[in-house]
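K.L.:
Predicted model follows, preceded by the sequence.
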Amino acid sequence: MEMKKKVTINDIAREAGVSKSTVYRALSEGAKNVEEDTLMKVLEKAKELGYGSTHSSRKQTKTIGIVVPELFTITNTQFISFAQDLLHQKGYRTMVFSSNENPEIEKDNLEMIGKNQVTGMLISACHPSQNKAVYKDLQKSGIPLVFFDRTIDDFPASRIKTDNYGNACVLLEYLIRLEKKHIVLLNGSSSDSNTQELTRAYKDVTAKHQCPVNAEYILSVGADFEDGEKGMEDFMKKQLPFDAVFGFSEKAAIGTMNLLQKFHYAIPEEVAVCCLGSNALSTLVQPALTTIEQPTAQMAEKSVELLLEKLENPDIPDKEIVLESKIIIRGATEKNKK
């Protein structure tokens with residue numbers, strides 16, 4: 001279903017048969033510099049076309065839509081919590097929707113939010129290209145968009161993310177310095193932009209160091225505990241050698257650790273385990289997970305900041321912000337670390 005197009009001064013001028021400058025004067029100055037007949041014609045056409053009504057109602061609602069690929073990942077839950085607090089302080093309400101990693105559900109969510117007169121949207125995209133037309137329709141209807149975490153690099157909107165490719169390279173190089181060469185990559189959906197960056201990093205680094213791995217070492221799993229456990233269990237049935245596991249998700253990496261410990265693998269002596277992105281869970285398991293910390297609070301802060309700037313001045317240029325992350329080395333990769 002196509003979004004209703006935003007009515008512009010050009011539309012009113014064309015329908016009323018007058019110039020754009022006349023429309024502008026009629027709408028901004030009233031009868032001051034426009035003949036009465038022309039003024040009435042412009043105002044009637046503006047009302048008929050719905051000019052101003054959508055824009056004003058959006059401003060009055062002060063509601064921000066937040067769309068995430070999955071609702072119950074720790075990173076997304078924290079982002080939503082931080083963003084809601086920040087927006088509430090500025091007098092905004094929020095509507096939160098999960099796409100369940102399904103572009104069709106995301107499309108339905110976006111269209112529904114658009115019809116509910118939201119003021120703006122924060123979006124973590126579940127697919128890098130499938131819903132670009134819907135995003136564009138939202139922008140045309142006057143709704144500013146800011147993409148966060150899973151962004152779309154070739155779409156004209158502000159975005160904020162971390163350098164997942166660079167971070168993954170750092171973690172993989174670290175594993176190789178530990179003399180780990182048979183590294184299993186527990187990755188997410190192949191349509192996820194972050195997953196694509198991790199796969200590219202894995203292939204680049206393992207090829208650079210001539211690691212004896214192939215496509216069978218790259219697993220596509222879900223983000224939860226049982227997903228990591230099941231994915232690793234299936235891999236182990238292949239009876240391929242492995243000495244490290246790199247997970248795209250904290251929960252999936254912990255699920256893998258649980259399985260390895262059931263089979264009496266020594267961590268980290270026999271198998272090192274690490275992941276991209278973490279929260280408190282990483283420190284609660286034994287041994288604690290080596291992770292790359294994701295700056296979720298800062299991402300929420302900057303996303304809200306970008307959106308409020310766009311609401312204040314729709315004509316400001318789009319921005320891209322890449323946040324820094326840091327590696328936290330713990331006992332799952334080095335025995336003497338806590």
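P.N.:
Looks like it came in fine. Numbers count the residues shown, from 1 in each chain.

K.L.:
All the strands of the stretch 151-300 of the chain, residue numbers only.
P.N.:
158-162, 183-187, 218-220, 244-247, 272-276, 290-293 (DSSP state E, counting those that start in this stretch).

K.L.:
Parallel or antiparallel, which strands does the fourth one pair with?
P.N.:
Translated: strand 244-247. Its sheet considered, strand 244-247 pairs with strand 183-187 (parallel), strand 272-276 (parallel) by DSSP bridges.

K.L.:
Which parts of the protein are helices?
P.N.:
9-16, 20-29, 36-49, 53-61, 74-89, 103-115, 132-140, 164-177, 193-208, 225-236, 250-262, 281-284, 296-312 (DSSP state H).

K.L.:
Give me the average confidence score over stretch 82-96.
P.N.:
Stretch 82-96 shows a mean pLDDT of 95.

K.L.:
distance between that stretch and the chain's centre?
P.N.:
Between the centre of stretch 82-96 and the centre of its chain there are 17 Å (Cα atoms, centre = their mean, to the nearest Å).

K.L.:
show me where pLDDT drops low in this structure?
P.N.:
The model of the chain has pLDDT under 70 over residues 1-9, 20, 24-25, 27-33, 51-61, 278-279, 338.

K.L.:
For Glu48, see how far away the residue nearest the centre of the chain is.
P.N.:
By Cα atoms, centre = their mean, the chain has its centre lying nearest to Ser124, at 2.6 Å. Going from Ser124 to Glu48 by Cβ to Cβ, to the nearest Å gives 38 Å. All C-beta spots, glycine's among them, are computed from the backbone N, C-alpha and C.

K.L.:
Please apply the same query to Ser220.
P.N.:
53 Å.

K.L.:
isn't Ser129 right next to Ile152, touching?
P.N.:
Yes: using Cβ atoms under 8 Å, Ser129 is in contact with Ile152, at 7.4 Å.

K.L.:
how many other residues sit next to His209?
P.N.:
14 (other Cβ atoms under 10 Å).

K.L.:
Find the nearest non-adjacent residue to it, please.
P.N.:
Nearest residue to His209, sequence neighbours excluded (Cβ to Cβ, 6 or more residues apart in numbering): Ile176, at 5.2 Å.

K.L.:
same deal with Ala168?
P.N.:
Once flanking residues are discounted, Ala168 sits nearest to Ala201: 3.6 Å by Cβ to Cβ, 6+ apart.

K.L.:
From Asn164, how far off is the one you found?
P.N.:
8 Å.

K.L.:
So which residues make contact with stretch 155-167?
P.N.:
132, 135, 139, 144-153, 194, 197-198, 200-201, 276, 292, 294-295, 299, 302-303, 306-307, 310, 318-325, 327 (Cβ atoms under 8 Å, 6 or more residues apart in numbering).

K.L.:
Buried ones among these?
P.N.:
Neighbour counting with 16 or more other Cβ atoms under 10 Å marks 135, 139, 144-152, 194, 197-198, 201, 276, 292, 294, 299, 302-303, 306-307, 310, 321, 323, 325 as buried within the contacts of stretch 155-167.

K.L.:
returning to that earlier point: is it true that the residue nearest to Ala168 touches Cys169?
P.N.:
Yes: contact criterion Cβ under 8 Å: Ala201 and Cys169 qualify, at 4.8 Å.

K.L.:
bridging residues for Val273?
P.N.:
Val245.

K.L.:
Count residues in the vicinity of it, would you?
P.N.:
Val273: 29 neighbours (other Cβ under 10 Å).

K.L.:
For Ser325, see how far away it is.
P.N.:
On the measure of Cβ to Cβ, Val273 and Ser325 end up 18 Å apart.

K.L.:
coming back round to it: now, of the strands paired with strand 244-247, which is deepest in the fold?
P.N.:
strand 272-276 (a mean of 27; mean count of other Cβ atoms under 10 Å).

K.L.:
Please export the C-alpha coordinates of that strand as PDB.
P.N.:
Provided in PDB are the C-alpha atoms of strand 272-276 (Å, rounded to 0.1, in the frame of the first residue of the first chain):
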ATOM      1  CA  ALA A 272      38.600 -19.900  22.600                       C
ATOM      2  CA  VAL A 273      35.200 -18.200  22.500                       C
ATOM      3  CA  CYS A 274      34.400 -14.600  21.800                       C
ATOM      4  CA  CYS A 275      31.600 -12.400  20.300                       C
ATOM      5  CA  LEU A 276      30.800  -9.100  18.700                       C
END
